[in-house]
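In: Just to be clear, the model below is a prediction. Sequence and coordinates:
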Amino acid sequence: MKNLFLILMVTLIIAVICLKVTAQTPPGLSEINEGKNLMAQNFRALSRAVLILGALFGLLGGLRIYNNWQMGKGNIDIEVAGWFGACIFLSVLGVFLSALYQVPIA
């Protein structure tokens with residue numbers, strides 16, 4: 001019984017050593033990580049640019065709606081709903097894409 005236990009332990013130790021020796025990192029792993037880091041940097045910059053553009057277009061849309069309101073044109077409610085929906089869409093889109101590509105918002 002003692003011999004069987006000793007043989008089993010030696011076999012397990014040899015198997016673990018062989019697995020450690022043959023275990024290597026897969027090829028291309030460093031390139032994938034580098035690409036992920038580049039995508040994260042570009043995503044942050046592009047998400048900031050989209051938010052700035054969204055703010056500018058929101059201000060322009062607000063001025064357009066205010067001008068139409070002062071001119072007495074009808075259907076201002078439809079324009080307000082459209083511009084408000086666009087602002088909400090831009091805000092939610094950034095969060096959705098960061099979750100989709102697993103890039104933290106910073």
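Out: Arrived safely.
In: Show me what the helix or strand where residue 46 lies is packed up against.
Out: Remark: residue 46 resides in helix 29-71, with elements defined by DSSP states H and E. On a contact count with 3 or more CB pairs under 8 Å, 6 or more residues apart in numbering; DSSP states H and E, helix 29-71 meets helix 76-100. Any C-beta I mention is one placed from the backbone N, CA and C, and that applies to glycine too.
In: starting at the chain centroid, how far to the helix it packs on?
Out: Helix 76-100 sits 18 Å away from the centroid of its parent chain (CA atoms, centre = their mean, to the nearest Å).
In: do the same with stretch 53-63
Out: Worked out by CA atoms, centre = their mean, stretch 53-63 lies 25 Å from the chain centre.
In: tell me which residues in stretch 84-92 are buried?
Out: 87, 90 (16 or more other CB atoms under 10 Å).
In: Contacts made by it with the rest, please.
Out: Applying CB atoms under 8 Å, 6 or more residues apart in numbering, the contact partners of stretch 84-92 are 50, 51, 54, 57, 58, 61.
In: can you do 10 Å?
Out: Contact with stretch 84-92 is made by 50, 51, 53, 54, 55, 57, 58, 61, 62, 65, 96, as judged by CB atoms under 10 Å, 6 or more residues apart in numbering.
In: Would you mind listing where this structure has pLDDT under the threshold?
Out: The model of the chain has pLDDT under 70 over residues 18-25, 105-106.
In: can you tell me which two in the contacts of stretch 84-92 are farthest apart?
Out: Maximum pairwise distance among the contacts of stretch 84-92 (CB to CB): 26.5 Å, between 65 and 96.
In: So for these two, which sits in the more crowded spot?
Out: residue 65 (18 against 11; other CB atoms under 10 Å).
In: Share the number of residues neighbouring the closest residue to the more buried one other than its chain neighbours, please.
Out: Nearest residue to residue 65, sequence neighbours excluded (CB to CB, 6 or more residues apart in numbering): residue 79, at 5.2 Å. Look at residue 79: counted by other CB under 10 Å, it has 15 neighbours.
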